[in-house]
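Asker: The following comprises the amino acid sequence and a computationally predicted model.
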Amino acid sequence: MMLIPVHQKMNIIDFLLENTDYSKKKIKSLLKFRAITLEHGKVLSHEDLVREGQTVVVSTEKKETKIGNIEIIYEDENYLVVDKPSGMLTVSTDKERNRTLYHLVREYVHQKEKKEKIFIVHRLDRETSGLVLFAKDEKLKQKLQEDWENVALTREYTAVVSGILEEKEARLVHYLKENQQHKVYVSPVNSGKKAITDYQVLAEDKNSLLKLSLSTGRKNQIRVQLSYLNHPIIGDLKYGGCKAKRLYLHASKLVICDPFTKKKFTFVSKPPREFKRVLSI
């Protein structure tokens, strides 16, 4: 492992060409296999810039980049972050036990080390894609879950919703309840669980591409609040959205503070390309 302090703003490839003996081909290979990170854990890609005061970490240990067709965003001795595809359950149900994200990740860690354990920290809806965090220690998992609202410093999603929003940036505050059919709805009398979501319009055509930031983590929170605005997420049949090949909701950014070391970790996943293509439908 090599630690290299950054003294000026540069593209990561140019920085490593200047500060190591690696060829451009070697650097691109290291980037491909997620072997170049910042000290706080962010995995770097060939387009990233590094800035003064940061430290670049270069690992010569080759790492896996996928579990089947599931991309590994980050992995170390404590954490594993993957990019869940749309249509996959996070954990098992009575009807589905084997083709779940947890099952595939558990098989992956057991293949590397039979005694190694893996614990899921949070979940995404089946049709939602994006970042899911696992812990490799049960005490770490418990600490994260006990204070998730505070250790999860940033939780950002990307969504495509029907129509054009009048307000291009706003904070949504609602109280949510769940009926006997397990469908969540906005309470008209401000009773239930408080849900806070900030949104910003990134692009619009016939539909709108949104960045959403959660301050709370209620069941179906984003889906219910956007439906209540009469701008349901494309593909969200449960909450009034039009039919589409998938639910256009993606967990795109997660920033956590390790409850023991207090180090910050930033994980990012770009939404699929079809999110921009569906704007004009």
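Answerer: Good, I have the coordinates.
Asker: burial of residue 239, as a residue count?
Answerer: Residue 239 has 19 neighbours, counted by other Cβ atoms under 10 Å. Every C-beta, even on glycine, is put in place using the N, C-alpha and C of the backbone.
Asker: do the same with the one 5 residues further on
Answerer: Counted by other Cβ under 10 Å, the residues lying close to residue 244 total 16.
Asker: Is the nearest residue to residue 244 once chain neighbours are set aside in a helix, a strand, or coil?
Answerer: Taking Cβ to Cβ, 6 or more residues apart in numbering, and ignoring the residues beside it in sequence, residue 244 has residue 235 as its nearest neighbour in space, at 3.6 Å. Reducing the assignment to helix, strand or coil with DSSP: H, G, I helix; E, B strand; the rest coil, the entry for residue 235 is coil.
Asker: Quick check, pLDDT for residue 235.
Answerer: Residue 235 is assigned a pLDDT of 97 by the prediction.
Asker: Also residue 32?
Answerer: You'll see residue 32 listed with a pLDDT of 81.
Asker: That one touches residue 65, doesn't it?
Answerer: Yes. Taking Cβ atoms under 8 Å as the contact criterion, residue 32 and residue 65 are neighbours in contact, 7.2 Å apart.
Asker: would you put the C-alpha positions of stretch 1-18 in CSV?
Answerer: Only the C-alpha atoms of stretch 1-18 are listed here, as CSV (Å, rounded to 0.1, in the frame of the first residue of the first chain):
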residue,chain,number,x,y,z
MET,A,1,0.0,0.0,0.0
MET,A,2,1.2,3.5,-0.9
LEU,A,3,0.0,6.8,0.6
ILE,A,4,0.6,9.9,-1.5
PRO,A,5,-0.3,13.4,-0.2
VAL,A,6,-1.9,15.8,-2.7
HIS,A,7,-0.5,19.3,-3.0
GLN,A,8,-2.5,20.7,-5.9
LYS,A,9,-5.7,20.1,-7.8
MET,A,10,-5.2,17.5,-10.5
ASN,A,11,-6.9,14.7,-12.4
ILE,A,12,-6.1,11.4,-10.7
ILE,A,13,-4.4,9.9,-13.7
ASP,A,14,-2.1,12.9,-14.2
PHE,A,15,-1.4,13.0,-10.4
LEU,A,16,-0.3,9.4,-10.4
LEU,A,17,1.8,9.8,-13.5
GLU,A,18,3.6,12.6,-11.8
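Asker: Now do the buried residues in it.
Answerer: Within stretch 1-18, the residues scored as buried using 16 or more other Cβ atoms under 10 Å are 4, 6, 10, 12, 13, 15, 16, 17.
Asker: got it, and stretch 258-265?
Answerer: Using 16+ other Cβ under 10 Å as the burial criterion, the residues of stretch 258-265 that qualify are 258, 265.
Asker: Fine by me, we can end here.
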